[in-house]
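>>> coords please:
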Amino acid sequence: MEKINAVITGVGGYVPDYVLTNEEISRMVDTNDEWIMTRIGVKERRILNEEGLGTSYMARKAAKQLMQKTGSNPDDIDAVIVATTTPDYHFPSTASILCEKLGLKNAFAFDLQAACCGFLYLMETAASLIASGRHKKIIIVGADKMSSMVNYQDRATCPIFGDGAAACMVEATTEDYGIMDSILRTDGKGLPFLHMKAGGSVCPPSYFTVDHKMHYLYQEGRTVFKYAVSNMSDITATIAERNGLDKENINWVIPHQANLRIIDAVASRLEVPLEKVMINIQRYGNTSGATLPLCLWDYEKQLKKGDNLIFTAFGAGFTYGAVYVKWGYDGSNGKR
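Numbering: from 1, shown residues only. The predicted model follows:
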């Protein structure tokens, strides 16, 4: 029996219209463009600021574009999986809302929570579902409205994050392309350094939690930076070695867009020049689960069938990993 691989056959994306610049942020907190660019590498970020719109709105825009580009019939979609840390609601899942908005009648849907590493976990989950032989066509979406949990009075975190969504179609193939290998890890020691204190079952919402600003993202930047650099660098080196990949035959590195200095460190560990690294942090900031697919969306036209791609990310939990993908189509056509 032929081996079934899971191949990405299209990419769709969406970022909100509103652009939050460094200049505007410097009017909110004591910072400036030079400091933000030097320390983080973000010039501007997109913010979903319309009343009543959440993560599912951006996810729907991205997935709709994806279905149009790939010419997909809604009845053929077997599953929808959304990686998000900012769901519309505790329940139901953002993926279930997406099913209704996209008119999907035959799909099952669920959310996956692995913070900024969510899209790596999505790729592995979709690949496993497809390799089982029971599913042929799956939409995976990374989407986050990070502005909903950022304190715009905290100069350490507010310049970092933005909002956005991107989606990929993952399909079964017997060709030697697709999601070839992954190494995923979780180091539970990360809780004290990156979390949101209130809103869960340990500390439900109350007047006290709201008054004490406990519903905002908390990050101990130095510690997170240190772990991100070492874990992302090590795991990309390991997956490259395991698959016979090196600076000569790696076509693209797609790192999580959290900090330009982390991206530089990962590229230098692989000895890959920056022109082979997908970077859009300057335009979008850290959109958490959306950063990796938004890179694909931005760079799709430059991708060629057979290109070797290494994805890597690091997020709260601490979750981290690397995925090796052999790209399945010429991106200049926009679809497989």
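
>>> Dig out what Pro255 forms beta bridges with.
Thr312 (DSSP bridges).

>>> check contacts around it.
Met232, Ile262, Ile263, Val266, Ala267, Val277, Met278, Phe311, Thr312, Ala313 (Cβ atoms under 8 Å, 6 or more residues apart in numbering). Using the backbone N, CA and C atoms, a C-beta is placed for each residue, glycine as well.

>>> Distance of the first one relative to Val7?
Going from Met232 to Val7 by Cβ to Cβ, to the nearest Å gives 25 Å.

>>> from the contacts of Pro255, which is closest to Ala322?
Nearest to Ala322, judged by Cβ to Cβ, of the contacts of Pro255 is Thr312 at 4.4 Å.

>>> The closest one contacts Tyr324, correct?
No. In terms of Cβ atoms under 8 Å, Thr312 does not count as a neighbour of Tyr324; the distance is 10.1 Å.

>>> Which of these two has more residues huddled nearby?
Legend: neighbour count by other Cβ atoms under 10 Å for Thr312 and Tyr324, higher for Thr312 (29 against 20).

>>> Looking at per-residue confidence, what score does that one get?
Residue-level confidence at Thr312 comes out at 98, pLDDT.

>>> doesn't Lys101 fall inside a helix?
Yes. Using DSSP: H, G, I helix; E, B strand; the rest coil, the assignment for Lys101 is a helix.

>>> ok, now how distant is the nearest residue to it once chain neighbours are set aside from Ala290?
For Lys101, ignoring the flanking residues on the chain, the nearest one in space by Cβ to Cβ, 6 or more residues apart in numbering is Arg60 at 4.6 Å. Relative to Ala290, Arg60 is positioned 13 Å away (criterion: Cβ to Cβ).

>>> do the same with Gln257
Between Gln257 and Ala290 the distance, using Cβ to Cβ, works out to 9 Å.

>>> got it, and Val42?
Where Ala290 is concerned, Val42 sits at a distance of 15 Å (Cβ to Cβ).

>>> Could you check which of these two is surrounded by more residues?
In terms of neighbours (other Cβ under 10 Å), Ala290 is the more surrounded of Val42 and Ala290; the figures are 36 against 27.

>>> Report whether that one is found in a strand, as I expect.
No. Counting by three-state DSSP, Ala290 is not part of a strand but helix.

>>> Contact partners for it?
By Cβ under 8 Å, 6+ apart, the residues touching Ala290 are Met58, Phe119, Gly142, Ala143, Asp144, Gly164, Ala165, Ala166.
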